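Student: Mind looking at a prediction? Sequence and model below.
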Amino acid sequence: MRNYDQETGSEILNSKEVLLEKKQEVPHFTSLTYRVFELQALPGIYGVWLEIATHLNSSDYTITAEPLGDTEILGQVKYFNTNNAEIVKDFHREISITTGGMGTVSVRFKGFPFGSVVRGTIIP
């Protein structure tokens, strides 16, 4: 099932199946950025990684996240920096990153004290 943000009209990517389907539609070596995403923040432990962007060159991104429930969230972003080292950074609500060459940007979340759905955006 596909969901769309009512304000922006952007597709909300909320499952691995949708991501895999989207990536199959994209020609090889094409950059693709997901603008809006939703992901589960489990209570007290990190959930699964969700790939939210791919890139061919060094790119700057700002990632924001808001819990849809009444809880606090902690996010992690994973990417390769300009020295091609894999980086994992913690963040609360917003983070700006600069990636290296070809690669992906992934996020995951945990909630405390409760779990929640997290709605996020990634802006190049």
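Tutor: Perfect, I can see it now.

Student: What residues are bridge-paired with the nearest residue to residue 50 once chain neighbours are set aside?
Tutor: With sequence-adjacent residues excluded and distances taken as CB to CB, 6 or more residues apart in numbering, residue 50 is closest to residue 39, at 5.0 Å. Heads up, the C-betas are built off the backbone N, CA and C, glycines and all. Using DSSP bridges, the bridge partners assigned to residue 39 are residue 118.

Student: Equivalent analysis for residue 79, please.
Tutor: residue 87.

Student: Could you do residue 97 as well?
Tutor: Bridge pairing for residue 97 - DSSP bridges - gives residue 61.

Student: Number the residues from 5 up from this point.
Tutor: All right, first residue 5 from here; so that's residue 101.

Student: so what's it up against?
Tutor: Contacts here follow CB atoms under 8 Å, 6 or more residues apart in numbering; on that basis residue 101 touches 64-65, 67, 81, 83, 91, 93, 109.

Student: I figured residue 90 hits residue 103, correct?
Tutor: No - between residue 90 and residue 103 there is no contact under CB atoms under 8 Å: 11.0 Å.

Student: remind me which residues of the protein are low pLDDT?
Tutor: Scanning the chain for pLDDT under 70 picks out 5-38.

Student: can you pull the buried residues of stretch 52-61?
Tutor: For stretch 52-61, the neighbour count (16 or more other CB atoms under 10 Å) marks 53-59 as buried.

Student: Endpoint to endpoint, that stretch covers what distance?
Tutor: From its first residue to its last, stretch 52-61 covers 26 Å (CA to CA, to the nearest Å).

Student: Tell me the bridge partners for the residue lying closest to residue 96 once chain neighbours are set aside.
Tutor: Nearest non-adjacent residue to residue 96, counting by CB to CB, 6+ apart: residue 78, 6.4 Å away. Bridge pairing for residue 78 (DSSP bridges) gives the partners residue 114.
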